[in-house]
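# this one's sequence-less:
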């Protein structure tokens, strides 16, 4: 039941996006011009796309509320916070001394050793 309503909800969302994108711009949004022909009217006549937008929007809200009610009915009565137990703190390993930079470098060559290896003769 919940999956069917979820699929209908997703289809309604896609239809609502599509129907809004198909509509003609009413202008005035962000200063961009649209239709209207320079005549400012209080309310435009309801078109078929406008009515379909309202229909899809109302159906979308109804499916949203239905999914919320179903999710609340299927959930446990306890809160997520109530599931947290008083577990002991994890034990940390003792901190060892960090090596210094001189410990990480290879040993320095002695005075007799050449830095560049000699070719074998």
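Everything's here; your move. Source: prediction; values computed, not measured.
# model confidence over stretch 98-118, on average?
Averaging pLDDT along stretch 98-118 gives 66.
# where does pLDDT dip in this structure?
Low-confidence segments of the chain (pLDDT under 70): 27-45, 78, 80, 83, 86-89, 99, 101-103, 106-121.
# pull out the buried residues from the longest helix along the chain.
Determined from DSSP state H, the single longest helix within the chain is helix 48-74. Residues of helix 48-74 classed as buried under the neighbour-count rule (16 or more other CB atoms under 10 Å) are 52, 53, 56, 59, 60, 63, 66. (Glycine included, C-beta is placed from N, CA and C.)
# mind putting those into a markdown table with distance to residue 82?
Putting those into a markdown table (distance: CB to CB, whole Å) gives the following:
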| residue | distance to residue 82 |
| --- | --- |
| 52 | 45 |
| 53 | 43 |
| 56 | 39 |
| 59 | 36 |
| 60 | 33 |
| 63 | 30 |
| 66 | 27 |
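# looking at those, which one is closest to residue 15?
residue 56 (5.2 Å; CB to CB).
# ok, so what distance separates that closest one from residue 74?
26 Å (CB to CB, to the nearest Å).
# what of residue 16?
For residue 16, the distance to residue 74 - CB to CB - is 26 Å.
# relative to residue 50, how far out is residue 13?
From residue 13 to residue 50 the distance is 18 Å (CB to CB).
# same thing with residue 4?
From residue 4 across to residue 50, the span is 29 Å (CB to CB).
# same question, residue 26
According to CB to CB, residue 26 and residue 50 sit 10 Å apart.
# next: residue 20.
Distance, residue 20 to residue 50, using CB to CB: 10 Å.
# and the helices in this structure?
With DSSP H, the ranges of helices along the chain come out as 2-22, 48-74, 101-104.
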